[in-house]
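Colleague: Predicted model, plus sequence, below.
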There are 2 protein chains.
Amino acid sequence: MVYNFFGKDFAMEDNEIELTTQSLHELVIKKNKVALTELFNTTPVIDIAEVASFLPMEDLIYIFRNIESTFTASLFDELSQEAKESLIQAMTDKELVSVIDAQSADDIADTVGDMPANLARRVLSAADKDMRADINRLLKYKEDTAGAIMTTEYLEFREDLTVDEAISQIREKGKEAETVYTIFVRNGARKFVGTVDLDDLIFAKKEQKLEEIMNENIVSCRVNTDKEEVGQMFRRYDLNALAVLNDDDCLTGIITIDDAVDVMTEESSEDIQKMHGINPIEEPYLKTSAKSMMVKCAPWIIVLIILGTFSSIVLSSFQASISAIPILAAFIPVIMDTGGNAGGQSNALMVRGLALKEFGPKDYLKLLWKETKNALFIALIVSLFAFVWFMIEQYTGLVHNANIDVDGVQATLWNGLCWNEKFFVSTAVVSMVVALSLFATVFLARIFGITLPIIAAALKKDPALMSEPFVTTIVDVASLLVYFGLIMAFSQLITQTEQAII
Amino acid sequence: MVYNFFGKDFAMEDNEIELTTQSLHELVIKKNKVALTELFNTTPVIDIAEVASFLPMEDLIYIFRNIESTFTASLFDELSQEAKESLIQAMTDKELVSVIDAQSADDIADTVGDMPANLARRVLSAADKDMRADINRLLKYKEDTAGAIMTTEYLEFREDLTVDEAISQIREKGKEAETVYTIFVRNGARKFVGTVDLDDLIFAKKEQKLEEIMNENIVSCRVNTDKEEVGQMFRRYDLNALAVLNDDDCLTGIITIDDAVDVMTEESSEDIQKMHGINPIEEPYLKTSAKSMMVKCAPWIIVLIILGTFSSIVLSSFQASISAIPILAAFIPVIMDTGGNAGGQSNALMVRGLALKEFGPKDYLKLLWKETKNALFIALIVSLFAFVWFMIEQYTGLVHNANIDVDGVQATLWNGLCWNEKFFVSTAVVSMVVALSLFATVFLARIFGITLPIIAAALKKDPALMSEPFVTTIVDVASLLVYFGLIMAFSQLITQTEQAII
């Protein structure tokens, strides 16, 4: 059967049944073991786990007692944390031992880490001695390090083993390893010296030694390597598995590609969150409580309100100008928004490029030169367009300049002012001042946008923290200063052209 | 040797030499074949390719003529497009044939797709007949589909093959396949029916048939499946390779995890770009021309300037209020920025959650209810803080209210107004109006932030296009209306408290 992604139907006695918690519940109620086994045979476990997480506990227990343990072992791994915990409480000691035995130490460590202490103790006592030691060791590594995501189930052979010996050892011990596609090789001093890919073993002659066929041009990381860097290594070197070494250069764990993919996804999500002023949230949106959402989101908003004080200071010091030519206040939002938008663009490209190591702080001058060209070009096009648009806004009366009302009637093209030269000049002067400010705003915003994350990176901080919200707030101050500077410079001209009309 | 990531040193005759274009150039000049071979033996090819891309052409040719073809084949694949093109021009026909022969059809198709026609013809004529057919077929698939990223080099066996036969076939043909870790199985009617993992082959008995040991609970995609969905399938099902089927359910190509990782990275980058109003840029930042940057960035800025007209209309219609109580203009930036920041937060969580399929448009009511609680909570905390902060701003004279100057002297706590009750009431009333507006702004922004991407998703558009810039622009209008609404409602109170001072 070809299984169709996201269309969770399964074939049963030639009927397509939709896989839901309800349909699964019914199979259990009917004690239809044949159909359940067929379901596990033909459907990826994660799809079953997603609906099984909501089953009544007795249904889950029935499944665990009646379905082959290879299936239930992976089902357990994919269940929600809540379902796992209830299941552990409901199982007999013997059942628990067989479930835990089929898991890998790193998955159990992840589950145990988020569990109430009494349940965690139950799980640990169900694990055999070696696994318990591994779990305890894994629990000690700091979050966000290679140690915390690595697994301890791998195949490590001595370099003087022959291909034939290696293959028979794989047959013997391979079932317990997280991957047999990469075999790790150590020398006589137990130091890690290389890897052998399973296909190289198959292509090699039986009597060749591992040291003859192993790859030595390989990368490895340390237990305390940041997991972001682990993701980058997988991406850059197209790895299937990565060796994690201790300080003595001995292998102490491995990271496999499926865990690395999860890390990369998490890291991208975290970057996106930080870029919008959210402290990283680990749970999915729907599972995050309002309180925890507030704790993650409110702090940066408050910091930015404090930083926003500078804009308020600038605006409050130019109260007189605003009172004299109030139409100019009408363009403050568009200048500020455009600054935020333009800065957000160059900033996003910079933060992402830094995250993917396309460039680093040392490239700043090159980046600045590049962005200066980009920024001038974009600022020119945008402000030329804006100039024309602002004239249209005033000409059609969308934006109202109370200073040029004649007897309380707004000046617009509909009032016979279509070809009026003085009206034209007056709108042109106002538009010019705003468009010039916009030019400066776009230019400065794009430059600030690349500069702030580079400063963060140079200070070994996460560039994603210096993102759009900060750029916007800082550019606001700069653009308001430019705007009011230009207003001061042109205020006489504006007033003259206004007075020429009335 | 344990190779250290990002510290590109390599060991040579017990000296650590830094791997740079210069050090590589010197090895070539000295015709030090031994050292070069040692370098390739101990260093990941991508690190060599990165510096080799800048070598003079004769150096590259020297390397290609003197280093083992297994190394140069992967070196060629990792070189920059410019280096590849110059190399193709410089090689003899025979050399070109041997380089092309060692590549996989999908990599060549990617390279050829970006090449001038004369070079592309040279490459195609150097490829053998089968490969040429594959390349031409791959070139026809639309960008962003599974067809365009799949490879045609895979192992497909009939279901009635025995394990023993399969292993010997792998030994024979496996070298040319992109992966031997997943073997694809077809039935007598040539339809795709399952996969066998290489380790299952190794653990199985020799005389077992593939159909007995194959996985049938597997996913597959079609040639026109969107590559974003391909990335999601790899992430969800922890795949090593994915079958790509044609309309007859026959295997026509496969996608391997390394290509899927690239796709996931690209998709995340594209989402981040779209979320900041950038039409997707495929080249790295430093390789994007100013003109192409303008074409990708300016359109959305201009669209947003047009949308910004509504803010200008609102502000220009309340010119009288601003003239009467000019201090209120000083708080416009902080209200607008906070709206953008708060909306950007919920929006980023929503766009990412939709991209990772954590939820869909059908969950909108659930999401709305959830976000209503979040938004109220965050709005409450933020506006309570802001109320106090705005009072401090006015009390300390950071923000100046010209209306309550006494004889041209600004009212601040430093002027003996520290315990002045009337001054306190006046700043409290202004702060209350602004803080109430901020409450409404944060609440509306968070709700708009989740609503816009859901609307996009429901209309089958990319949610990332309905991101912060749009949310900000729309929230601006709403929050300015609320702000001026509150100003109108409280203007008498504000004026009274102001006049009580002077």
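Modeller: All right, it came through fine. Numbers count the residues shown, from 1 in each chain, chains lettered A, B, ... in the order given.

Colleague: going forward, measure contacts between C-alpha atoms and count neighbours the same way
Modeller: OK.

Colleague: if I look at A:Val351, how far off is B:Tyr285?
Modeller: 11 Å (CA to CA, to the nearest Å).

Colleague: From the opening residue of stretch A:416-427 to its closing one, how far?
Modeller: 15 Å.

Colleague: Residues touching that stretch, excluding its own?
Modeller: A:Met391, A:Gln394, A:Tyr395, A:Ala411, A:Thr412, A:Leu413, A:Ile494, A:Thr497, A:Glu498, A:Ala500, A:Ile501 (CA atoms under 8 Å, 6 or more residues apart in numbering or on different chains).

Colleague: Of A:Val351 and B:Tyr285, which one has the most company?
Modeller: Taking other CA atoms under 10 Å in any protein chain shown, A:Val351 and B:Tyr285 do not tie; A:Val351 has more neighbours (27 against 19).

Colleague: Pull up the per-residue confidence for the more buried one.
Modeller: For A:Val351, the model assigns a pLDDT of 92.

Colleague: secondary structure class for it?
Modeller: helix (DSSP: H, G, I helix; E, B strand; the rest coil).

Colleague: any idea how chain A splits into domains?
Modeller: A:2-145, A:156-273, A:286-501 (automatic domain parsing).

Colleague: Figure out which of those is closest to B:Tyr237.
Modeller: Ranking the domains of chain A by proximity to B:Tyr237 (CA to CA) places domain A:2-145 first, at 7.1 Å.

Colleague: Please state the offset of the helix ranked longest in chain A from the chain centre?
Modeller: With secondary structure taken from DSSP state H, chain A has its longest helix at helix A:421-458. Remark: helix A:421-458 is offset 31 Å from the chain centroid, using CA atoms, centre = their mean, to the nearest Å.

Colleague: Which residue would be the closest one in the stretch 401-502 of chain A to chain B?
Modeller: Minimum separation of the stretch 401-502 of chain A from chain B (CA to the nearest CA) falls at A:Pro469, amounting to 6.2 Å.

Colleague: what's the neighbour count on that residue?
Modeller: Under the neighbour criterion other CA under 10 Å, A:Pro469 is assigned a count of 26.

Colleague: how about it, what does it touch?
Modeller: By CA under 8 Å, 6+ apart, the residues touching A:Pro469 are A:Met275, A:His276, A:Gly277, A:Leu304, A:Gly340, B:Asn341.

Colleague: in the helix or strand hosting the fourth one, what's buried?
Modeller: Under the criterion DSSP states H and E, the helix or strand holding A:Leu304 is helix A:290-307. Under the neighbour-count criterion of 16 or more other CA atoms under 10 Å in any protein chain shown, helix A:290-307 has A:290, A:293-302, A:304-307 buried.

Colleague: Those: which ones sit near chain B?
Modeller: When contact is defined as CA under 8 Å from any CA of the partner chain, the buried residues of helix A:290-307 meet chain B at A:Ala290, A:Met293, A:Met294, A:Cys297, A:Ala298, A:Ile301, A:Ile302, A:Leu304, A:Ile305, A:Ile306.

Colleague: isn't the first one right up against B:Asn374?
Modeller: Yes - using CA atoms under 8 Å, A:Ala290 is in contact with B:Asn374, at 4.6 Å.

Colleague: hmm, what's the outermost residue in chain A?
Modeller: Computed with CA atoms, centre = their mean, the residue of chain A farthest from its C-alpha average is A:Asp407, at 58.3 Å.

Colleague: can you tell me how far the residue positioned nearest the centre of chain A sits from chain B?
Modeller: Nearest to the geometric centre of chain A sits A:Ser269, at 1.6 Å (CA atoms, centre = their mean). When distance is defined by CA to the nearest CA, to the nearest Å, A:Ser269 is 7 Å away from chain B.

Colleague: so is that residue in a helix, a strand, or just coil?
Modeller: Relying on three-state DSSP, one would call A:Ser269 helix.

Colleague: What ranges does the stretch 201-350 of chain A have for its helices?
Modeller: Under the criterion DSSP state H, counting those that start in this stretch, the stretch 201-350 of chain A contains helices at A:210-213, A:227-237, A:257-275, A:290-307, A:309-317, A:319-324, A:332-355.

Colleague: For the closest residue to A:Lys373 other than its chain neighbours, list the residues it contacts.
Modeller: In this structure, A:Lys373 finds its nearest non-sequential neighbour in B:Ala290, 6.3 Å apart by CA to CA, 6 or more residues apart in numbering or on different chains. For B:Ala290, the contacting residues are A:Lys370, A:Lys373, A:Asn374, A:Phe377, by CA under 8 Å, 6+ apart.

Colleague: what residues are up against the first one?
Modeller: It stands for A:Lys370. By CA under 8 Å, 6+ apart, the neighbours of A:Lys370 are B:Leu286, B:Ala290.

Colleague: And for the last one?
Modeller: With contact set as CA under 8 Å, 6+ apart, A:Phe377 has these partners: B:Ala290, B:Lys291, B:Met294.

Colleague: returning to that earlier point: and the longest helix of chain A with helix A:332-355, angle?
Modeller: Going by axes from the mean of the first three to the mean of the last three CA atoms, to 10 degrees, helix A:421-458 is angled at 30 degrees with respect to helix A:332-355.

Colleague: residues making contact with stretch A:314-334?
Modeller: Outside stretch A:314-334, the residues that touch it by CA under 8 Å, 6+ apart are A:399-403, A:430, A:434, A:477, A:480-481, A:484, A:487-488, A:495, B:305, B:308-309, B:311-316, B:319, B:322-323, B:326-327, B:329-330, B:333, B:336, B:399-402, B:476.

Colleague: any idea of the mean pLDDT in that stretch?
Modeller: Stretch A:314-334 carries an average pLDDT of 86.

Colleague: Stretch A:104-117 now?
Modeller: Averaged over stretch A:104-117, pLDDT sits at 86.

Colleague: So what's the residue count around the nearest residue to A:Ala102 once chain neighbours are set aside?
Modeller: In space, A:Ala102 comes closest to A:Ala73 once its chain neighbours are excluded; the distance is 5.7 Å by CA to CA, 6+ apart. A:Ala73 has 20 neighbouring residues, counting by other CA under 10 Å.

Colleague: one step back: nearest to A:Ile450, of the helices of the stretch 201-350 of chain A?
Modeller: For these, the distance to A:Ile450 is smallest for helix A:332-355, at 5.2 Å, taking CA to CA.

Colleague: Can you name the next helix or strand after the closest one?
Modeller: helix A:364-395.

Colleague: re the thing from before, I'd guessed the residue nearest to the centre of chain A sits against B:Arg352; true?
Modeller: Yes - the criterion here is CA under 8 Å, and A:Ser269 meets it with B:Arg352 at 6.9 Å.
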